[in-house]
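Asker: Okay, here's the prediction I keep looking at, along with the sequence it came from:
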Amino acid sequence: MAFPIHRLRRLRRTERLRSLVRETRITPDAMIYPIFVGPGKGVRKEISSMPGQFTLSIDRAVEVAREAEKLGVGGLLLFGLPPHKDETGSDACDESGIVQNALRAIRQNVKDLTLITDVCLCEYTSHGHCGVIKHRDVDNDATLKLLAESAVSHARAGADMVAPSDMMDGRVAAIRSALDREGFPNTPIMAYSAKYASAFYGPFRTAADCAPQFGDRRSYQMDPPNAREAMREIALDIQEGADIVMVKPAMPYLDIISRARRLYHVPIAGYQVSGEYSMIEAAAKAGWIERDRIVMETLTAIKRAGADILITYYALELAKTL
Ligand code: PBG
């Protein structure tokens with residue numbers, strides 16, 4: 001007795017009706033815009049592997065932050081490109097490191113914007129790995145101390161939230177206890193919980209010059225075929241004190257987002273990473289796809305799968321047009 005009683009086309013007749021019954025919406029306040037901050041003054045240099053995205057000196061990052069505030073963007077995610085890299089990534093913990101200086105400058109000029117920092121060593125180490133190297137391997141426990149120190153230095157410089165992306169075991173607990181000890185019990189942690197060892201980070205590594213100089217990240221980032229293991233990663237991060245968990249990349253891992261949504265009751269962020277962005281840009285440039293529709297469709301898919309928060313290089317642009 002379905003047809004002709006039921007005609008699903010009734011509610012698809014006009015844009016007004018479609019919009020009335022729309023189940024998933026993209027809004028600027030639930031989007032986070034990642035930016036790359038580097039040395040210099042007046043610098044706004046396009047990233048060759050990510051057309052339309054730029055490395056910014058601190059003064060120009062302040063301008064972007066002002067714009068993001070005005071447009072009601074949900075937050076900025078700051079990545080630092082330090083002037084010097086070394087074995088232990090010391091700029092990551094330096095009170096006057098690149099991200100710490102950027103935070104203070106932005107905070108001074110922009111009040112109503114959530115500032116989130118990527119906490120990882122790979123942008124700061126000469127070897128490009130996300131931790132301290134011992135015997136040609138990333139030493140988990142030795143890295144925890146540095147990550148905690150880095151997170152605290154970010155909080156001191158004005159970060160509203162920290163986002164560890166290194167995939168060391170126990171980093172959320174280490175960061176939580178360091179933040180609490182140093183007087184930041186109210187600074188939330190957004191953990192890159194299910195972060196896969198993905199080729200989709202390629203364009204980012206060009207931008208941050210952080211490709212590992214030997215080996216790869218497979219001994220700490222997750223193996224792409226594994227889904228149950230992602231649930232373990234997420235469960236552990238929640239136990240350790242993560243306030244928000246993240247799945248990354250996003251579109252190739254919608255099943256992971258969807259499973260996590262059903263199993264856990266914390267906010268979930270989906271990170272549409274550099275490779276996802278650059279593939280859209282390249283195909284659009286070639287005239288093969290309708291760029292704007294693809295952007296909305298991909299981001300909608302990530303939200304529909306269960307992400308509450310979208311981390312995307314399109315955040316600023318969409319905040320202007322939505
Ligand atoms: C740092 C980090 C990476 C990304 C976010 N944080 C690179 C990596 O793990 O190699 C990737 C972001 C993107 O591709 O947009 N660990």
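Answerer: Cool, the structure landed. Worth saying up front: this structure is predicted, and the values here are computed from it rather than measured.

Asker: where do the helices sit along the stretch 101-250 of the chain?
Answerer: 140-157, 171-181, 202-208, 228-240 (DSSP state H, counting those that start in this stretch).

Asker: Lowest average confidence across these, which one?
Answerer: Lowest mean pLDDT within the helices of the stretch 101-250 of the chain: helix 202-208, a mean of 94.

Asker: I figured Gln100 was touching Ala155, is that so?
Answerer: No. Using Cβ atoms under 8 Å, Gln100 is not in contact with Ala155; the gap is 10.1 Å. Where C-beta positions appear, they are placed from N, C-alpha and C, glycine not excepted.

Asker: contacting residues for the closest residue to the ligand within the stretch 101-250 of the chain?
Answerer: Minimum separation of the stretch 101-250 of the chain from the ligand (Cβ to the nearest ligand atom) falls at Phe204, amounting to 3.2 Å. Each residue near Phe204 by Cβ atoms under 8 Å, 6 or more residues apart in numbering is listed here: Ser49, Met50, Cys210, Val273, Ser274, Gly275.

Asker: Minimum pLDDT in these, which residue is that?
Answerer: Cys210 (94).

Asker: count of residues packed around that residue?
Answerer: 23 (other Cβ atoms under 10 Å).

Asker: I'd like to know how many residues surround the closest residue in space to it that isn't next to it in sequence.
Answerer: Take Cys210 and drop its neighbours on the chain: the residue closest to it by Cβ to Cβ, 6 or more residues apart in numbering is Cys122, 4.5 Å away. Using other Cβ under 10 Å, Cys122 has 24 neighbouring residues.

Asker: Likewise for Pro252?
Answerer: Neighbour tally, Pro252, other Cβ under 10 Å: 15.

Asker: ok but it is inside a helix, no?
Answerer: Yes. With DSSP: H, G, I helix; E, B strand; the rest coil as the criterion, Pro252 is assigned to a helix.

Asker: Surely it and Ala199 touch.
Answerer: No. Pro252 is not in contact with Ala199 according to Cβ under 8 Å; the separation is 9.9 Å.

Asker: Now for the residue nearest to Cys210: which residues touch it?
Answerer: Gly89, Gly128, His129, Cys130, Asp166, Ala208, Cys210, Pro212.

Asker: who's in contact with the closest residue to the second one other than its chain neighbours?
Answerer: What it means is Gly128. Counting by Cβ to Cβ, 6+ apart, Gly128 lies nearest to Pro212, which is 4.3 Å off, once chain neighbours are set aside. Counting by Cβ under 8 Å, 6+ apart, Pro212 makes contact with Cys122, His127, Gly128, His129.

Asker: Could you export those residues to a markdown table, including columns for distance to Met31 and pLDDT?
Answerer: Listed next are the contacts of Pro212 as a markdown table, based on distance: Cβ to Cβ, whole Å; pLDDT from 0 to 100:
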| residue | distance to Met31 | pLDDT |
| --- | --- | --- |
| Cys122 | 24 | 96 |
| His127 | 33 | 96 |
| Gly128 | 29 | 96 |
| His129 | 30 | 96 |
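
Asker: just these now: which is nearest Ile35?
Answerer: For the contacts of Pro212, the minimum distance to Ile35 (Cβ to Cβ) is 17.1 Å, reached by Cys122.

Asker: ok, the closest one to Pro82 distance?
Answerer: From Cys122 over to Pro82 the distance is 11 Å, taken as Cβ to Cβ, to the nearest Å.

Asker: and what of Ala250?
Answerer: Taking Cβ to Cβ, one finds Ala250 at 27 Å from Pro82.

Asker: again with Met50
Answerer: 19 Å.

Asker: Equivalent analysis for Asn186, please.
Answerer: Distance from Asn186 to Pro82, by Cβ to Cβ: 28 Å.

Asker: Among these two, which residue is more densely surrounded?
Answerer: A count of neighbours by other Cβ under 10 Å puts Pro82 above the other of Asn186 and Pro82, at 22 against 9.

Asker: Pull up the residues of the stretch 101-250 of the chain that are close to the ligand.
Answerer: Contacts of the stretch 101-250 of the chain with the ligand, taken as Cβ under 6 Å from any ligand atom, map to Asp118, Cys120, Cys122, Cys130, Ser165, Tyr201, Phe204, Arg205.
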